[in-house]
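In: Need the 3D shape of this:
(one chain, ligands or ions: 1)
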Amino acid sequence: MPAGVVDAAAKGVRLDRPATILLRRASGAKQLAAASSHLLFRATILATLALVVLFAVHYPSLLSRSFSLSSSSPSSSSPHRRSSHRSLLDSGATTYRGAAWEREVRRSATPRRNGGLSVLVTGAAGFVGAHCSVALHARGDGVVGLDNFNAYYDVSLKRARSRLLLSSRGVVVLDADINDGALLERLFAAVPFTHVLHLAAQAGVRYAMKAPQAYVASNVAGLVGVFEAAARHADPQPAIVWASSSSVYGLNGETPFSEDHRTDRPASLYAATKKAGEAIAHAYNHIYGLSITGLRFFTVYGPWGRPDMAYFSFARAIVSGEPITLFADARRDFTYIDDVARGCLGALDTAGKSTGSKSGKKSGPAPLRVYNLGNTSPVAVTRMVAILEKLLGKKAHKRVVTMPSNGDVPFTHANVSHAARDFGYRPTTSLDVGLRHFVEWFVKYYKLDDIKSGSSNVLLAAGKTTKRKKSMAMSAAS
Ligand SMILES: O=C(O)[C@H]1O[C@H](OP(=O)(O)OP(=O)(O)OC[C@H]2O[C@@H](n3ccc(=O)[nH]c3=O)[C@H](O)[C@@H]2O)[C@H](O)[C@@H](O)[C@@H]1O
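Out: Residues are numbered from 1 along each chain as shown. All right, here's what the predicted structure looks like:
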């Protein structure tokens, strides 16, 4: 072999070694790159999946929203709330947003007399709402009801009121929530309501310590929802009459309570939310020209009443032989439902027009009013119990305690001269007469014909209703 070749060969060997290493390294890098891009791909997929899972866990409502026909309003986990989408689909033969739904709503809203009102009644399956709906319909006004049928008290009683409205009056009660802004928009788009009677609220003074957020949701957020829809989505704007409360007088010491008295010392969160509602009403009236009337109800009672209220729960306890707790020295201006319903209709009739429009312009100031609707004659709670004992023919097992500091006030007494002056409000029902009407209904509704034998105890304890008689009337108002 020539030396050069050997050299070259030797060089070649020498030269080849790094090249091979380089080649090896290059192919290793390729493999590495391929492997790492594979890994990267997998990691990306895994990270994406992890993100989707995290998103689903933290924002389930956002993911489900696209499947919902309902509005964009927030749904709450509270037992007081229900999905308005589901509830509207539940509300009988009507289809949400469908032609049948609109026809049914329009039919119910159409007055049957010249110059009649077309009223949206919120809380229509509630005590005052059901009575007012009956009274409005009875004189030829159009009525559409709305209620979320929450479980604050026996839902079957609310359903029974609602069924009665539909079967005996043809009044539709939509199963829906006042916090569903999109639903309210659709409702106002479908019907040019002349008035809104806004009675949907979280009621009960002492329960506010147990479920404070329910009061904010209904009495503040819900009220704003109704005002917003009426001010900005209704054409023409309706006039609004809504339920405030005697509780706004709080620690006021002047009696009888007059609308001119101080209301800046609420004793309960319930009272504070109603007082907040009055301030909110002022703002909506001022900005949007909404005609707004607040009615301060004084312990309303009667047939088809609220089972959470003292007169109703005491009647149940007396019949069942259970003890009742009386707060010493408590007195109330108990007001009979028919008197209150007349007051509500008077307030609607004299409300005056709203002056705003959807465009946000108002043509001038609109009415802003507030009235007491009481009975003007306070009665001791012990006397109320004595009347119940007589009517039910059974003695109560009474336990008298000092009034707890849970938001209660010892005394209420209404001065109703403003309501008398402006719409002829004159309460005419004494507590004896009103409780007699209540007990008549109570015995019939719960089928307690044989109270003294004790056969009705199981039924009352369970808080159930049995088959109701078809002839049920709301009360003297119907
Ligand atoms: O006037 C009002 O604005 C308010 O009237 C009632 O509130 P309240 O007057 O406290 O009615 P009840 O809960 O029926 O109590 C009536 C009376 O019975 C007394 N009471 C209540 C419960 C009890 O266990 N024992 C007892 O002695 C209360 O202190 C009160 O004086 C309603 O429940 C509220 O929703 C409404 O807004």
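
In: For this structure, list the residues in contact with the ligand, please.
Out: Counting by CB under 6 Å from any ligand atom, the residues of the chain close to the ligand are 203-205, 245-247, 297-299, 309-310, 325-327, 330, 332, 381, 408. The C-beta positions use only the backbone N, C-alpha and C, and glycine is treated the same way.

In: Could you tell me the end-to-end distance of stretch 402-409?
Out: Start-to-end span of stretch 402-409 (CA to CA, to the nearest Å) is 12 Å.

In: In strands only, show me the residues of the chain next to the ligand.
Out: Ser245, Phe297, Thr325, Leu326, Phe327, Arg332 (DSSP state E).

In: got a list of what the residue nearest to the second one when sequence neighbours are not counted touches?
Out: Put plainly, it is Phe297. Using CB to CB, 6 or more residues apart in numbering and skipping the chain neighbours, the partner closest in space to Phe297 is Leu373 (5.5 Å). Leu373 makes contacts with 295-298, 335, 339-340, 343-344, 414, 416, 419, 425, as judged by CB atoms under 8 Å, 6 or more residues apart in numbering.

In: Could you report the pLDDT at Leu373?
Out: Note for Leu373: predicted pLDDT of 99.

In: distance of it from Pro367?
Out: Taking CB to CB, to the nearest Å as the measure, Leu373 falls 17 Å from Pro367.

In: Run the chain-centre distance for stretch 343-362.
Out: Centroid separation for stretch 343-362 versus its chain: 22 Å, with CA atoms, centre = their mean, to the nearest Å.

In: Start and end of it, how far apart?
Out: 28 Å.

In: which residues touch that stretch?
Out: By CB under 8 Å, 6+ apart, stretch 343-362 touches 117, 119, 128, 132, 135-136, 139, 195, 197, 230-241, 288-291, 293, 295, 363-367, 369, 371, 373, 419, 422-425.

In: Repeat that for stretch 380-392.
Out: By CB under 8 Å, 6+ apart, stretch 380-392 touches 310-311, 314-315, 318-319, 324, 326-327, 329-332, 334, 395-396, 398, 400, 431-432, 435-436, 439, 451.

In: Narrow these to those that are buried.
Out: 310-311, 314-315, 318-319, 324, 326-327, 330-332, 334, 396, 431, 435, 439, 451 (16 or more other CB atoms under 10 Å).

In: Among the residues you listed, name the ones in helices.
Out: Among those, the members falling in helices (DSSP state H) are Ala310, Tyr311, Phe314, Ala315, Ile318, Val319, Leu431, Leu435, Val439.

In: a markdown table for those, including pLDDT?
Out: Listed next are those as a markdown table, based on pLDDT from 0 to 100:
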| residue | pLDDT |
| --- | --- |
| Ala310 | 98 |
| Tyr311 | 98 |
| Phe314 | 98 |
| Ala315 | 98 |
| Ile318 | 98 |
| Val319 | 97 |
| Leu431 | 98 |
| Leu435 | 98 |
| Val439 | 98 |
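
In: Quick check: the farthest pair among the residues you listed?
Out: Within those, Val319 and Leu431 form the most distant pair, 19.2 Å apart (CB to CB).
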